[in-house]
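In: With the sequence up front, the predicted model follows.
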Amino acid sequence: MSTLFSPFQLRDLVFKNRIFVSPMCQYSCTDGLANDWHLVHLGSRAVGGAALVMVEASAVTPAGRISPQDMGIWSDAHTAALAPIADFIKTNGAVPAIQLAHAGRKASTPAPWLGSAALSPEQGGWPVLAPSALAFSDASPHPAALDRVQIEQLVADFVVAAQRSLEAGFEVIELHFAHGYLLHEFLSPLSNSRTDDYGGSLENRARFPLEVAHAVRAVWPQTLPVFVRLSTTDWAEGGWDLAQSIQLSHWLKAIGIDLIDCSSGGLVPHARVPVAPGFQTPNATAIRSAVEMPVGAVGLITSPAQAEQIVATGLADVVLLARELLRDPYWPLHAAQVLGDTVDWPQQYERAQPPRRK
Ligand SMILES: Cc1cc2nc3c(=O)[nH]c(=O)nc-3n(C[C@H](O)[C@H](O)[C@H](O)COP(=O)(O)O)c2cc1C
């Protein structure tokens, strides 16, 4: 058996293989509510054989959405809309997961196919919040700096969102600390120029993200894991980097965070990102060996041999795939065939299954 198709356990949860569906915004909600698109989209990837299927960045407050079409999880109606999706994912053999997020200064923008300039109030835009009054770019909304009361409220919002996620049937939560959204904005000196307890030193910049992680971990069952997605570097001079990611991961491990999902970038438009196959994996490996905790590798992982090499040689514990799983929701079933593994196909699809190797 390949390592890619060997089980993996975090706390009491056993994943049937090492292939996770990376969170992907679908910009297809009305009022933040999940609908049939999400059921079919996420459900197909559960049927396709991934061990974990993660719901896209789901905003903990309406202002935390990137676009008006983003997923939300701020009311009972959102919980009710997500519950059948979590149930379908689980019934079809995958672990249902959800990413909890706040878009910070990158909120109030259109869905990608509807434009890129900030939304005006007439277009449904809203005031955006950030650690400091520093915009992402000239075309981005100008944020207001959060005050202490608002920070405390947001910690509470993440906690309630975690409780709603559990109620909806999710078994893994991922906290979004990456891609230039609110919690990443606190971490990076390029977006955080605060002079209070939440800015300046690494300890201070990490304070709010760690408060969120701590508070969410406290309400999430001890039997179930919590992941954090980090941008492990800003790819920009004077920004967040791998050394700081390693220190933060030590603190997250101490809080009880179970896996670091290692992405990168997104904080500043001028970042110079060396995009290439598996380009973020070395940072995952560095965190895994320095902090001795499970990590996920993500970013341009597209072939079964590449994925197998990452998990078999200990570069990461799991791989997360995004665009390759948009191209082929059944990628895990196909990868098993390529690697010579025997995996269960959905009974309904068995007649399409290639002959098993002797
Ligand atoms: C359509 C789309 C939506 C995305 N939405 C999210 C998201 O909600 N949260 C997140 O952390 N990353 C998001 N990402 C980033 C992916 O999860 C992933 O990290 C990135 O695409 C690199 O992986 P890949 O090369 O396998 O596509 C998105 C990517 C795509 C293509």
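Out: Everything's here; your move.

In: Next, the buried residues of stretch 143-163.
Out: Within stretch 143-163, the residues scored as buried using 16 or more other Cβ atoms under 10 Å are 143, 145-146, 151, 154-155, 157-159, 161-162. Heads up, the C-betas are built off the backbone N, CA and C, glycines and all.

In: Now go through the residues you listed and say which are in helices.
Out: Using DSSP state H, 151, 154-155, 157-159, 161-162 are the members of the buried residues of stretch 143-163 that sit in helices.

In: Reformat these as a markdown table; add distance to residue 78 and pLDDT.
Out: Listed next are those as a markdown table, based on distance: Cβ to Cβ, whole Å; pLDDT from 0 to 100:
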| residue | distance to residue 78 | pLDDT |
| --- | --- | --- |
| 151 | 23 | 98 |
| 154 | 17 | 98 |
| 155 | 19 | 98 |
| 157 | 12 | 98 |
| 158 | 14 | 99 |
| 159 | 15 | 98 |
| 161 | 9 | 98 |
| 162 | 13 | 98 |
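
In: can you tell me which residues contact residue 117?
Out: For residue 117, the contacting residues are 109-110, 139, by Cβ atoms under 8 Å, 6 or more residues apart in numbering.

In: and if we set it to 10 Å?
Out: Listed by Cβ atoms under 10 Å, 6 or more residues apart in numbering, the contact set of residue 117 reads 109-110, 123, 125, 139-141.

In: got it, and residue 63?
Out: Residue 63 touches 74, 102-104, 107-108, 126-129, 154, 182, counting by Cβ under 10 Å, 6+ apart.

In: what does the stretch 151-300 of the chain put close to the ligand?
Out: 176, 178-179, 229, 263, 298-300 (Cβ under 6 Å from any ligand atom).

In: same thing but 5 Å
Out: Applying Cβ under 5 Å from any ligand atom, we find that the stretch 151-300 of the chain lies next to the ligand at 263, 298-300.

In: In CSV, list those along with pLDDT and secondary structure.
Out: Shown next, in CSV, are those (pLDDT from 0 to 100; DSSP: H, G, I helix; E, B strand; the rest coil):
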residue, pLDDT, secondary structure
263, 98, strand
298, 98, strand
299, 98, coil
300, 98, coil
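
In: residue boundaries of the strands in the stretch 101-250 of the chain?
Out: With strands called from DSSP state E, counting those that start in this stretch, the stretch 101-250 of the chain shows them at 129-130, 144-145, 172-177, 226-231.

In: quick check: mean pLDDT across the first one?
Out: Going back to what we said before, that points to strand 129-130. Averaged over strand 129-130, pLDDT sits at 98.

In: circling back to that earlier point, nearest to the ligand, of the ones in helices among the buried residues of stretch 143-163?
Out: Using Cβ to the nearest ligand atom, residue 161 comes nearest to the ligand of these, at 14.5 Å.

In: For the closest one, give me its contacts.
Out: Counting by Cβ under 10 Å, 6+ apart, residue 161 makes contact with 58-61, 64, 72-74, 78-79, 98, 100-102, 173, 175, 216.

In: now swap in residue 294 and tell me
Out: Residue 294 makes contact with 8-10, 225, 227, 253, 257-261, 284, 287-288, 316-318, according to Cβ under 10 Å, 6+ apart.
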